[in-house]
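[1] A predicted structure for the sequence below; I have some questions about it.
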Amino acid sequence: MNIDPQELLTSFESMLRRRNVVGLRLGALLISFLFPLFWILDWVVMPDLVMLTFWLRLLGILYSLGIWIATFRRGDMVYRYVNRLGISLGVLIGWLITIMAWLDDGYESPYYAGLNLVILGCSFLFAWPLRLTIGFNALLYGFYMAPLFIGSIAIQDPGVAITNQFFLLSTILVSVIAQRHRLAQEQKDYLAIQQHQVMLQQAQILATTDPLTGLYNRRQLFTLGAYELQHARHLNKPLSVLAIDIDHFKQINDTYGHLVGDEILRAAAHAFQSSLRQDDTLARIGGDEFMVLLPATDVYEAAFVAERIRLAMQSPFLQTT
C-alpha cells in the first residue's frame, strides 16, 4: 500500500477546513457577545459619539451572527469558503475598530489594542496558509495607516503613536511567525500519523494474508473459523469446511519450476474464489493446500460447492495457465 503525497496533502487541507469551520463558528459567537460589551468603553472614551459607535458595533454583530447561523444552516457553503469568511469577519471587525480609533485620538487612541485582540484571536482560531495570513494582516494594517499616508490624520503625540505602532507591528509579526510554525508542525504531525496508520494496515495485511495469492493465511483462517463455529452453534446452523489441494503439484514444480508453480497457485486461487458465494471464506494454509469455510451450509450443499470448484479446475483453467 503506497502513500500518495498529493492525496495526503488534500486530506490535510480538508482537515484544516473542518477545523476552521469550528473556529469560524466559535469566533462569530464570541464576537456577537464580546463586541457589544465594549460599547461600555465607548461611553467612557467617546461619550459624544456613542450612538455612532453603536451603529458600527451593530454592523459587526449582525455580520458575525449571520456567519454563526450559516455554519449550521449552510454547512457545505461555509466549508467551501471558510477561509474567505474567516478573513472577511476578522477584517470587518478590525476595520470597525480602526474607524473608532480614528474617531477618538487617531494613532494615539487606545482602541489600537482592539486590533491586537483581533489579530491574536484570528491566529488562535484559524489555521491559514502563510499568504492568507500575510494578506489578512496587510488589510488590517494598511487600512489602519491609510489616513496617515494621505495626511487626513496627524500625529499629536509621537511617543504614544510610536508605542502603539511598535506593539501593533510586534503582534502582527508574532502572529504570522506563530501561524506559519504551527501550520508546518501540524502538517508534519499529520503526515507522520497517516504514515503510521498505513504501516499498521500493511502489517495487519501481512499478518492475515498469504502474499502469493492474496487469500487469508492459516492464522486468519483459524481465527475466522473459531468465530464461525461459535456463531453456528449459537444459531444452531450447519457449518461445513472444504479441504482442497492440487493433484501432482510437486511434479509441476519439479518439471516447470517454481515460477510456473506460483502462477498455477494464483490462478487456482482465482478459480476457487470465483466459484464461491459471498459469505464463504477461502484461505491458503500452505503449499498447494486450501481450505474453505461454508457458513450455514450442510454436507449436501458443501458437496455441490466442491463439485463447482472441481469443474472450475478443468481444461479451461489449464488452458489459461
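    Arrived safely, thanks for sending. Numbering: from 1, shown residues only.

[2] quick one, strands of the stretch 101-250 of the chain?
    Taking DSSP state E, counting those that start in this stretch to define them, one finds strands in the stretch 101-250 of the chain at 239-245.

[3] Now do the helices in it.
    Counting by DSSP state H, counting those that start in this stretch, the segments of the stretch 101-250 of the chain that form helices are 112-125, 130-150, 158-208, 218-235, 249-256.

[4] Please identify the most buried of the ones you listed.
    By mean neighbour count, with neighbours taken as mean count of other CB atoms under 10 Å, helix 112-125 ranks first of the helices of the stretch 101-250 of the chain at a mean of 20. For glycine as for every other residue, the C-beta is placed from the backbone atoms N, C-alpha and C.

[5] what is the mean pLDDT for that helix?
    When pLDDT is averaged over helix 112-125, the result is 92.

[6] Run through the neighbouring helices and strands of that helix.
    helix 5-37, helix 82-103, helix 130-150, helix 158-208 (3 or more CB pairs under 8 Å, 6 or more residues apart in numbering; DSSP states H and E).

[7] hang on, the earlier thing: which stretch among the helices of the stretch 101-250 of the chain comes nearest S11?
    Smallest distance to S11 across these (CB to CB): 7.2 Å, for helix 158-208.

[8] Now do that closest one against helix 130-150, angle only.
    170 degrees (axes from the mean of the first three to the mean of the last three CA atoms, to 10 degrees).

[9] phi, psi of D279?
    In terms of degrees, to the nearest 10, the main-chain angles of D279 are phi -90, psi -10.

[10] correct me, but it touches P295?
    Yes: using CB atoms under 8 Å, D279 is in contact with P295, at 5.5 Å.

[11] more crowded one of those two?
    Per other CB atoms under 10 Å, whichever of D279 and P295 has more neighbours is P295, with 19 against 11.

[12] what about the more buried one, distance to W39?
    In this structure, P295 and W39 are 71 Å apart, going by CB to CB, to the nearest Å.

[13] need the helices and strands packed on helix 112-125 in JSON lines with mean pLDDT, can you?
    Shown next, in JSON lines, are the helices and strands packed on helix 112-125 (pLDDT from 0 to 100):
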{"stretch": "helix 5-37", "mean pLDDT": "89"}
{"stretch": "helix 82-103", "mean pLDDT": "95"}
{"stretch": "helix 130-150", "mean pLDDT": "93"}
{"stretch": "helix 158-208", "mean pLDDT": "86"}
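
[14] which one of those lies closest to R218?
    helix 158-208 (10.2 Å).

[15] by contact count, what packs against the closest one?
    Here helix 158-208 touches helix 5-37, helix 112-125, helix 130-150, helix 218-235, going by 3+ CB pairs under 8 Å, 6+ apart.

[16] how close does F290 sit to A232?
    21 Å.

[17] One more: G66?
    60 Å.

[18] Correct me if wrong, but Q278 is in a strand.
    No: with DSSP: H, G, I helix; E, B strand; the rest coil as the criterion, Q278 is coil rather than part of a strand.

[19] Based on its surroundings, how many neighbours for it?
    When neighbours are counted by other CB under 10 Å, Q278 registers 4.

[20] who touches the residue nearest the centre of the chain in this structure?
    Nearest to the mean C-alpha position of the chain, counting by CA atoms, centre = their mean, stands M15 at 3.1 Å. Going by CB atoms under 8 Å, 6 or more residues apart in numbering, M15 touches Y190.

[21] who's in contact with the spatially closest residue to R180 that is not a sequence neighbour?
    Nearest residue to R180, sequence neighbours excluded (CB to CB, 6 or more residues apart in numbering): L130, at 5.2 Å. Residues in contact with L130, defined by CB under 8 Å, 6+ apart, are 176, 179-180, 183.

[22] if I look at L130, how far off is R182?
    From L130 over to R182 (counting by CB to CB), the distance is 11 Å.

[23] Three-state assignment for L282, please.
    Using three-state DSSP, the structure places L282 in strand.

[24] now it, which residues is it bridged with?
    Going by DSSP bridges, L282 is paired in beta bridges with V292.
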